[in-house]
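> pasting the sequence and the predicted coordinates here, then a few questions.
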Amino acid sequence: MFSLALGLSGCAAAEKDQSHNNKPAETVKTVNQQRYQQVLKDLKHGADRQAYHQLQRLVKSGVATKKQRQLQRQVRLLLQTKKALATVQLDTAGKALTQLSATQQPVEIAQQVKALKKELSAAKLAQVYYQEVIAYYQAGKYDAAGGSYQALQALSRKYQAVATLQDKSAEYGKLISQKQAAATTTAAASTSSSAVASSGYTNARNSKIANSEYEQKTGSSLAGATNSQVSSVVQSLTDSQVLAKFWQASQIPQEAGDQYYVKQLNDQNYQIEIRHTSPSNAAVSNLKGMYQFDVATNVVTKLNEITGEYVRIN
C-alpha cells in the first residue's frame with residue numbers, strides 16, 4: 001500500500017512538473033505570434049525598419065519559426081532594394097528584387113514587391129535618358145540630347161532615383177538650350193524669307209520617318225513640301241492601336257505636345273519616332289527617341305543615336 005501511494009504521488013508530481021514546463025512554452029508561443037502580427041502591421045504601414053528589428057529580436061531569441069525567419073530575409077531584401085534605389089544603384093536594386101520576384105505571401109511583402117518593380121522600371125528608364133543626355137550633348141547631337149532631356153523631365157518625380165537624375169541633368173538642359181539657340185539663329189540668318197514663310201509642322205519636317213516616307217513616295221525632300229503635303233504624310237504615319245500597346249509596354253509617359261510617327265516594318269514590328277518642340281525654342285524639334293516595338297512580344301528597343309544600335313529598354 002505504501003509503495004502504491006508513493007507511486008501515485010510520484011505520478012502526480014510528474015504531471016504537475018509537466019504542466020509547469022508547458023506553461024512557459026505556451027506563453028513564449030503566444031508572445032512570438034503577437035510579435036509576428038505586429039511585424040505585419042508595421043509592414044502594412046510602411047515601418048519596414050521597425051519590422052526588421054522586431055524580426056531580428058525573434059531570430060536572436062532562438063524561438064523564431066521557419067516562416068518568421070523567411071520573413072526576416074524578405075524584409076532585409078526589401079530594405080536593400082529601397083536603399084539601392086534611393087542611391088541610384090539600379091543593378092544592386094535589381095539583384096535584390098529578383099530574389100523577391102516570386103513572393104506571394106505574406107501580402108504585405110507581395111504588395112511592396114509589386115510597387116518596387118514599377119519604381120525600378122521607372123528608374124531604369126530615367127537612367128537611360130540621363131546617360132543619353134550627356135552622351136548626345138558631348139557628341140554634338142543636340143536635338144537628340146534635348147529630346148532625352150525632355151523625356152527625362154517628363155517622368156514622375158515621385159520616385160527618388162528619378163528625381164535625383166532629373167536634378168543632375170538640369171545643367172545639361174541649360175547647355176543644350178544655348179547650343180540650339182545659337183544654331184537656329186545661324187540658320188535663320190541664312191534662310192530666305194520665302195522659305196521661312198512656308199515653314200510649319202516643325203516636328204514633322206524634322207522627322208526621320210516622315211522624311212523617308214515622303215521621299216520614297218515622291219522622290220523629293222520634305223523640306224520643300226507644302227504644309228498640306230506634310231499633313232498628308234503625317235496622317236499616313238499614325239496608328240492609335242499600336243501606340244496604345246507601345247505606351248503600356250514601355251511605360252514611357254505621354255507629354256502634352258509629343259508627336260508620334262509610326263511605320264510598320266513587318267507583320268509584328270513597328271518603328272516609332274517621338275518628337276517634341278523645345279520648350280525654350282519653338283523652331284527646334286527635339287528627338288525624344290526612335291523606337292522599335294514588337295507587338296507580339298511587347299519588347300521595346302531604343303535607337304542609340306551614336307552607335308546606331310537598338311537597345312532594349314523594358
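Yep, it's here. Numbers count the residues shown, from 1 in each chain.

> now do the contacts for the closest residue in space to Q80 that isn't next to it in sequence.
Here the nearest residue to Q80 in space, its sequence neighbours aside, is A96; by Cβ to Cβ, 6 or more residues apart in numbering that works out to 4.3 Å. C-betas here are computed from N, CA, C, even on glycine. A96 sits next to L77, Q80, T81, A84 when contact means Cβ atoms under 8 Å, 6 or more residues apart in numbering.

> list just the nearest of the residues you listed to N298.
For the contacts of A96, the minimum distance to N298 (Cβ to Cβ) is 24.2 Å, reached by T81.

> okay, and which of the contacts of A96 map to helices?
Secondary structure assignment (DSSP state H) places L77, Q80, T81, A84 from those within helices.

> dump those residues to TSV, plus neighbour count.
Listed next are those as TSV, based on neighbours: other Cβ atoms under 10 Å:
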residue	neighbour count
L77	20
Q80	18
T81	25
A84	21
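
> and the two most separated of those?
Of all pairs drawn from these, the one with the largest separation by Cβ to Cβ is L77 and A84; the distance is 10.5 Å.

> export the contacts of A96 to JSON lines and tack on distance to S228?
Below are the contacts of A96 laid out as JSON lines (distance: Cβ to Cβ, whole Å):
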{"residue": "L77", "distance to S228": "59"}
{"residue": "Q80", "distance to S228": "58"}
{"residue": "T81", "distance to S228": "54"}
{"residue": "A84", "distance to S228": "53"}
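
> can you read off the pLDDT for V262?
Confidence per residue is given as pLDDT, and for V262 that number is 97.

> pairing partners for it in the sheet, please.
Counting by DSSP bridges, V262 is bridged to I272.

> so how many other residues sit close to it?
V262 is surrounded by 20 other residues when neighbours are defined as other Cβ atoms under 10 Å.

> how about low-confidence regions in this structure?
When residues are selected by pLDDT under 70, those of the chain lie in 1-26, 28, 186-200.

> and the nearest residue to S285 once chain neighbours are set aside, how far from L175?
Nearest residue to S285 in three dimensions, chain neighbours excluded: N206, at 3.8 Å (Cβ to Cβ, 6+ apart). Going from N206 to L175 by Cβ to Cβ, to the nearest Å gives 21 Å.

> those two: who's more crowded?
Counting neighbours by other Cβ under 10 Å for N206 and for L175 shows that N206 has the greater number, 19 against 14.

> what sits against the more buried one?
Remark: with contacts taken as Cβ under 8 Å, 6+ apart, N206 is in contact with D143, R275, S285, L287.

> ChimeraX command to pick out the buried ones of those residues?
The ChimeraX selection below is limited to those of the contacts of N206 classed as buried (16 or more other Cβ atoms under 10 Å):
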select :143,275,285,287
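
> out of the contacts of N206, what pair is the most spread apart?
The most widely separated members of the contacts of N206, counting by Cβ to Cβ, are D143 and R275 (8.7 Å).

> thank you, goodbye.
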